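# after the sequence you'll find the predicted model.
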Amino acid sequence: MRRLFPVTEQTAARASGGPAEGEGAEGTGPVDREWSLAELALAYAYPDAYASPESAGREAWLRANMVSTLDGAGQHDGRSQPISGPADMRIFGTLRGLADVVVVGAETVRQEGYRPVRERAEFAGARAAAGQDVVAAVAVVTASLDLDYSLPLFTSPLVPTLILTGAAAAPDRVAAAEKAGARVVVAGDGVGVDPARAVRALAGLGHTRLLTEGGPRLLGQFVAAGVLDELCLTISPLLTAGDAQRIAGGPGVAVPRRFELVSLLEEAGFLFGRYRRS
């Protein structure tokens, strides 16, 4: 994996233990190699203010991780997996290993066959030192609570799955979710979920390092509400045409929101950009 745009010189040196990452032993050219998980974890670390148990109860840092083709498709045949690749999946796993909670829309749970986050030995020590659960919880955003509670996401998670819904959600659906072992969290006054309130509710539970993996409608809601802090975007070297969704959908914002490029990595034609809100 090659670094094209460094986070900082200090971060680059710490990642490699030698010359700035992206340079050879003589500091003369880029290094084309697969990064270790430790290097990826350092490159994608959350800001310090959101990386300790003491930050519980404060506003959280919301990061999104999405993949798009060259022509802007966020999925193929309704799923993101066909436009992904091995390096993208390494970063996918790293971001999950760093997060307190993965926030995902109900439709994505249904389409992608979501499973609970699995334990990774490579992240166990860092998570324990940071006061995190053994794995990130999954928080499903849903107004209807129309979910299949026989799925592993509900039957065998290492930490209880959360369900974010509105105060007016159907009581019988709420009862069914709780009977299945999920923890229902109210994050809206009506049937649906208010994005800003969802972030605050998760922060109130001690989840300050948030990761959303979509889908497009949920990401669009976070963008419109102005609560997205960071976007990790994989550009896949594929063309699909068709009418697939973009990575974010829903109503547009009145003024486009500016994000700054923090780092850019490349492997096998895939580009991995990390952008932060200006």
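Cool, the structure landed. As the structure is a prediction and not an experimental result, all values here were calculated from the model.
# every contact and neighbour count from this point should use C-alpha atoms.
OK.
# ends of stretch 144-164, what's the gap?
The first and final residues of stretch 144-164 sit 11 Å from each other (Cα to Cα, to the nearest Å).
# which other residues reach it?
With Cα atoms under 8 Å, 6 or more residues apart in numbering as the contact definition, stretch 144-164 has outside contacts at 106, 110, 114-118, 133-142, 165, 169-170, 173-174, 177, 180-187, 191, 193, 198.
# which parts of it are buried?
144-145, 147, 151, 153-155, 157-164 (16 or more other Cα atoms under 10 Å).
# what residues are up against Asp194?
166, 187-188 are the contacts of Asp194 under Cα under 8 Å, 6+ apart.
# low-confidence ranges in this protein?
For the chain, the stretches with pLDDT under 70 are 1-2, 4-33, 51-58.
# quickly find the element holding Arg217.
helix 216-225 (DSSP states H and E).
# still on that earlier bit, Leu62: which of the contacts of Asp194 is nearest?
For the contacts of Asp194, the closest approach to Leu62 (Cα to Cα) belongs to Ala187, at 15.7 Å.
# just confirm the closest one contacts Gly166, I think it does.
Yes. The criterion here is Cα atoms under 8 Å, and Ala187 meets it with Gly166 at 5.5 Å.
# now list whatever residues contact both of these two.
193-194.
# follow-up on the earlier one: just the buried members of the contacts of stretch 144-164?
Buried, going by 16+ other Cα under 10 Å: 106, 116-117, 134-142, 165, 169, 174, 177, 180-187, 191, 193, 198, out of the contacts of stretch 144-164.
# sec struct for the residue positioned nearest the centre of the chain, please.
Centroid check for the chain by Cα atoms, centre = their mean gives Leu211 as the closest residue, at 3.2 Å. Following DSSP: H, G, I helix; E, B strand; the rest coil, we place Leu211 in the strand state.
# neighbours around the closest residue to Phe259 other than its chain neighbours, how many?
In space, and not counting its chain neighbours, Phe259 is closest to Arg277: 4.3 Å by Cα to Cα, 6 or more residues apart in numbering. Other residues within reach of Arg277, judged by other Cα atoms under 10 Å, total 14.
# thinking again about what came up before, the contacts of stretch 144-164 in strands, which ones?
Mapping those onto strands (DSSP state E) picks out 137-141, 165, 183-186.
# of the residues you listed, closest to Leu219?
Using Cα to Cα, these come closest to Leu219 at Val141, 11.2 Å.
# just checking, that closest one touches Val193?
Yes. Using Cα under 8 Å, Val141 is in contact with Val193, at 7.1 Å.
# what do the two both touch?
By Cα under 8 Å, 6+ apart, the residues touching both Val141 and Val193 are 164-165.
# would you map the helices across the stretch 151-278 of the chain?
152-155, 171-179, 195-204, 216-225 (DSSP state H, counting those that start in this stretch).
# what packs against the third one?
Looking back up the chat, that one is helix 195-204. helix 216-225 (3 or more Cα pairs under 8 Å, 6 or more residues apart in numbering; DSSP states H and E).
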